[in-house]
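Novice: Predicted model, plus sequence, below.
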Amino acid sequence: YQNVIPNGRYPVACLNITIDPKSVDVNIHPRKEEVKFMHPGVVENLVTAAIKDGLEKALSRQIKREVRFS
């Protein structure tokens, strides 16, 4: 995705992560502005894989539409 958007620009996304509450520590910040995952690498890998999958599916649909209209 970094090859598609201009340098210094970032995509906007909202994520809804469903996770076992026992796997999250909400007490690391007094105002609850941050949370800590027990296994941050696992969460990062799952989020990265989901985003990559979503982008690949969207690109695939776009390519199929363009081929149909060519």
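Specialist: Yep, it's here.
Novice: in the protein, which helix or strand is least confident?
Specialist: For the chain, scoring each helix and strand by mean pLDDT, DSSP states H and E identifies helix 40-68 as the least confident one, at a mean of 86.
Novice: Check which residues of that helix are buried.
Specialist: For helix 40-68, a neighbour-count test (16 or more other CB atoms under 10 Å) marks nothing as buried. For the C-beta atoms, the positions are set from N, CA and C on the backbone; glycine is no exception.
Novice: helices and strands around it, which ones?
Specialist: The criterion is 3 or more CB pairs under 8 Å, 6 or more residues apart in numbering; DSSP states H and E, and there are no helices or strands that helix 40-68 contacts.
Novice: what's the spacing between it and its chain's center?
Specialist: Relative to its parent chain, helix 40-68 has a centroid offset of 10 Å by CA atoms, centre = their mean, to the nearest Å.
Novice: Now do the phi/psi pair for Tyr10.
Specialist: Its backbone dihedrals place Tyr10 at phi -130, psi 140, with angles given as degrees, to the nearest 10.
Novice: Run a quick neighbour tally on it.
Specialist: Under the neighbour criterion other CB atoms under 10 Å, Tyr10 is assigned a count of 9.
Novice: How much space separates it from Val4?
Specialist: Counting by CB to CB, to the nearest Å, the gap from Tyr10 to Val4 is 12 Å.
Novice: cool, Gly54 as well?
Specialist: Applying CB to CB, the value for Gly54 to Val4 is 14 Å.
Novice: ok, His29 to His39 distance?
Specialist: From His29 across to His39, the span is 19 Å (CB to CB).
Novice: swap that for Lys22, please
Specialist: Applying CB to CB, the value for Lys22 to His39 is 11 Å.
Novice: the more surrounded of those two?
Specialist: In terms of neighbours (other CB under 10 Å), His39 is the more surrounded of Lys22 and His39; the figures are 11 against 7.
Novice: I'd assumed Ser23 was in contact with the more buried one.
Specialist: Yes. Between His39 and Ser23 a contact is recorded at 6.8 Å, counting by CB atoms under 8 Å.
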